[in-house]
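Novice: The sequence isn't on hand, but the structure is:
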């Protein structure tokens with residue numbers, strides 16, 4: 001059963017959530033959850049007549065520990081059929097059932113593919129304290145980070161004694177979201193000529209030709225990866241094999257451009273997405289798109305009551321490239337426009353007969 005998942009960026013939820021694990025949605029339900037810090041009440045509201053009889057699992061209301069609130073944002077993750085009245089959010093496409101955003105492994109591959117800088121931590125020569133510095137990196141075909149260090153570099157000296165290391169990479173998305181991942185593994189120096197050539201090609205593909213006689217190439221063999229959708233949100237561990245076998249999102253090179261175009265040129269459509277597909281029963285002050293991927297897009301909404309909401313809306317079907325994504329957004333915008341105006345298109349008059357004229 002599909003549900004709409006609400007997440008409060010505050011502290012652990014108590015009170016009503018502890019009393020019952022599930023509630024049925026009536027026309028409007030307000031669930032008060034007591035936050036330990038100051039006993040402040042946070043009201044979660046689901047209001048949509050078409051949702052009558054749906055079930056919300058209160059165990060999916062996952063809060064953050066006290067002190068980890070992120071701007072008081074309430075996240076509203078709309079599932080593929082969370083609102084029965086949403087024309088494109090309800091779909092029978094098996095590829096979208098149960099998955100409305102890329103997997104953590106796909107997200108991690110996307111983050112490192114878009115980025116070329118991160119924070120590398122290695123163990124120091126004395127006392128084995130981890131020391132982190134900003135580094136550039138490239139990638140091989142499996143997503144393993146490739147580094148280039150001089151013989152006198154701090155990390156070169158550290159790795160000669162203990163080659164365990166971690167690389168943290170953070171992506172700055174529009175709307176202040178910061179998805180991030182940490183790769184953990186062992187870094188080895190490329191000694192064989194074939195491996196050196198392979199890593200040099202990977203490096204030059206990302207940074208161009210760089211000449212330095214004292215530099216050597218290193219590669220991290222990823223053993224584990226940790227991915228988080230945003231700062232302060234739950235982290236997910238995955239194996240190195242899961243990470244390496246995942247594929248970066250096909251929209252990664254175009255997402256920022258699509259988001260900018262939608263916010264600057266099609267802001268009315270973005271607002272309609274909130275009204276029609278999310279079905280929020282609140283007055284909206286501002287809304288903007290923050291990210292788009294092959295399975296859907298994220299919206300950030302400021303309400304008249306100054307609440308900040310984050311909404312995930314899935315595509316009707318998986319998109320494969322920039323053109324496909326723009327086409328799907330255009331289609332969803334047209335449907336939203338028609339639904340907002342209760343517009344019924346006229347019947348098409350088909351041609352009853354035709355004749356073929358010969359030339360001459």
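Specialist: Ah, there it is. Quick caveat, the model's predicted, so the values are computed rather than measured.
Novice: pLDDT of the strand ranked longest in the chain, averaged?
Specialist: As assigned by DSSP state E, the longest strand anywhere in the chain is strand 215-228. In this model, strand 215-228 has a mean pLDDT of 96.
Novice: Correct me if wrong: residue 286 contacts residue 301.
Specialist: Yes - the criterion here is C-beta atoms under 8 Å, and residue 286 meets it with residue 301 at 7.4 Å. C-beta coordinates here come from the backbone N, C-alpha and C atoms, glycine included.
Novice: And the two? Which one has more around it.
Specialist: Comparing residue 286 with residue 301 by neighbour count (other C-beta atoms under 10 Å), the higher total belongs to residue 301, at 24 against 12.
Novice: Which strand or helix spans the more buried one?
Specialist: Here residue 301 sits within strand 296-303, counting by DSSP states H and E.
Novice: Give the rounded mean pLDDT of that strand.
Specialist: 93.
Novice: Okay, now the sheet partners of whichever helix or strand comes after it, with direction.
Specialist: For strand 296-303, the following helix or strand on the C-terminal side (DSSP H and E) is strand 308-314. On the basis of DSSP bridges, the sheet neighbours of strand 308-314 come out as strand 74-77 (parallel), strand 296-303 (antiparallel).
Novice: Give the buried residues for the longest helix seen in the chain.
Specialist: Longest helix in the chain, counting residues (DSSP state H): helix 322-340. Residues 322, 324, 325, 326, 328, 329, 332, 333, 335, 336, 339 are the ones in helix 322-340 that count as buried (16 or more other C-beta atoms under 10 Å).
Novice: partners of the longest strand of the chain, with directions?
Specialist: strand 145-150 (antiparallel), strand 180-189 (antiparallel), strand 235-239 (antiparallel).
Novice: Make a markdown table from those and add distance to residue 156 and mean neighbour count to it.
Specialist: Shown next, in a markdown table, are the strands paired with strand 215-228 (distance: least, C-beta to C-beta, whole Å; neighbours: other C-beta atoms under 10 Å):
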| stretch | distance to residue 156 | mean neighbour count |
| --- | --- | --- |
| strand 145-150 | 5 | 21 |
| strand 180-189 | 8 | 20 |
| strand 235-239 | 28 | 14 |
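Novice: wait, which of those is closest to residue 199?
Specialist: strand 145-150 (4.9 Å; C-beta to C-beta).
Novice: Show me what counts as buried in whichever helix or strand comes after the closest one.
Specialist: Later in the chain than strand 145-150, the nearest helix or strand by DSSP H and E is helix 154-161. By neighbour count on 16+ other C-beta under 10 Å, the buried set for helix 154-161 is 155, 156, 158, 159.
Novice: what's the answer for stretch 124-141, then?
Specialist: Result for stretch 124-141 [16+ other C-beta under 10 Å]: buried residues 135, 136, 137, 138, 139, 140.
Novice: just checking, which of these belong to strands?
Specialist: Per DSSP E, the buried residues of stretch 124-141 map to strands at 135, 136, 138, 139.
Novice: Return the closest of those with respect to residue 108.
Specialist: residue 139 (11.8 Å).
Novice: from memory that closest one sits against residue 201, does it?
Specialist: No - contact status for residue 139 versus residue 201: not in contact, 11.5 Å apart, counting by C-beta under 8 Å.
Novice: quick revisit: what angle do helix 154-161 and the longest strand of the chain make with each other?
Specialist: 90 degrees (axes from the mean of the first three to the mean of the last three C-alpha atoms, to 10 degrees).
Novice: From the chain's centroid, how far away is strand 215-228?
Specialist: Computed by C-alpha atoms, centre = their mean, to the nearest Å, the chain-centroid distance of strand 215-228 equals 22 Å.
Novice: Repeat that for stretch 265-284.
Specialist: With C-alpha atoms, centre = their mean, you get 20 Å for stretch 265-284.
Novice: which residues sit in contact with residue 110?
Specialist: With contact set as C-beta atoms under 8 Å, 6 or more residues apart in numbering, residue 110 has these partners: 102, 248, 249, 252, 293.
Novice: could I get the residues you listed as CSV with secondary structure and distance to residue 218?
Specialist: Formatted as CSV, these follow (DSSP: H, G, I helix; E, B strand; the rest coil; distance: C-beta to C-beta, whole Å):
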residue, secondary structure, distance to residue 218
102, coil, 29
248, coil, 22
249, coil, 27
252, coil, 25
293, strand, 31
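Novice: and the residues you listed as JSON lines, adding distance to residue 179?
Specialist: Shown next, in JSON lines, are the contacts of residue 110 (distance: C-beta to C-beta, whole Å):
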{"residue": "102", "distance to residue 179": "10"}
{"residue": "248", "distance to residue 179": "13"}
{"residue": "249", "distance to residue 179": "11"}
{"residue": "252", "distance to residue 179": "11"}
{"residue": "293", "distance to residue 179": "11"}
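Novice: neighbour-wise, which of the residues you listed leads?
Specialist: That'd be residue 249 among the contacts of residue 110, by other C-beta under 10 Å, with 23 neighbours.
Novice: Please report how far that residue lies from residue 291.
Specialist: 10 Å (C-beta to C-beta, to the nearest Å).
Novice: Residue 355: neighbour count?
Specialist: For residue 355, the count of nearby residues is 4 (other C-beta under 10 Å).
Novice: Quick check: it is in a helix.
Specialist: No - Residue 355 sits outside any helix when classified using DSSP: H, G, I helix; E, B strand; the rest coil, being coil.
Novice: I'm done for today, thanks for sticking with me.
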